[in-house]
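> From the sequence below, what's the structure:
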Amino acid sequence: MSTNESMFRKQYFHGTRANLSHGDLIVPGYASNFGEGKPLSWVYCTGTLDAAMWGAELAVGDGPERIYLVEPTGPIENDPNLTNKRFPGNPTLSYRSREALRVVAEVTNWQGHSPEQLQHMKDGLARLKAEGGEIID
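Residues are numbered from 1 along each chain as shown. From the prediction side, this is the model:
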């Protein structure tokens, strides 16, 4: 990679409630952050801090909301759960991979969405689930 390319390296984030450390791998085969129960065959990341905030805020569990800076260890592709259904063109920069994401650092200085925004999102997801829609593919 040239010096110019490294100056503009893409950053990826992962929002969760899992307590991870530098170097840990986020791998497929675990239940979704959103409590869907079945193991996922993909791991998810985003190129925007806002989308990672949603991931952290909506994740199930009692632990603190966390956002990690991650690097893919293999190929990534647009996440069709969002890009094909709700946000054509991938403005949320949402991606998925069958390969692990390596934790590079934790983002510790971020402020979440307002309680009203969070409730509106939760209501929308509950409506989608009631209609039989899959949140995570």
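
> where does the chain dip in pLDDT?
Counting by pLDDT under 70, the ranges of the chain that qualify are 1-8, 35-37, 83-87, 133-137.

> swap the cut-off to 80 and go again
1-9, 31-38, 81-89, 91-92, 125, 128-129, 131-137 (pLDDT under 80).

> can you give me the strands in it?
Applying DSSP state E to the chain gives strands spanning 12-16, 25-26, 43-46, 66-72, 77-78, 94-97, 101-107.

> nearest to Lys129, of those strands?
strand 43-46 (18.1 Å; CB to CB). All C-beta spots, glycine's among them, are computed from the backbone N, C-alpha and C.

> Skip the chain neighbours and tell me the closest residue to Met53.
Of all residues not flanking Met53 in the chain, Gly112 sits nearest, at 5.6 Å (CB to CB, 6 or more residues apart in numbering).

> now the biggest helix by length in the chain: how far from the chain's centre is it?
As assigned by DSSP state H, the longest helix anywhere in the chain is helix 115-130. Relative to its chain's centre, helix 115-130 lies at 17 Å (CA atoms, centre = their mean, to the nearest Å).

> Which secondary structure elements does it sit against?
Here helix 115-130 touches helix 49-58, going by 3 or more CB pairs under 8 Å, 6 or more residues apart in numbering; DSSP states H and E.

> still on that earlier bit, tell me the most buried of the strands of the chain?
Ranked by mean neighbour count under mean count of other CB atoms under 10 Å, the strands of the chain are led by strand 43-46, which reaches a mean of 26.

> Please write out the alpha-carbon positions of it in CSV.
Provided in CSV are the C-alpha atoms of strand 43-46 (Å, rounded to 0.1, in the frame of the first residue of the first chain):
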residue,chain,number,x,y,z
VAL,A,43,-20.5,-10.6,11.1
TYR,A,44,-21.5,-7.0,10.6
CYS,A,45,-19.7,-3.6,10.6
THR,A,46,-20.3,-0.1,9.4
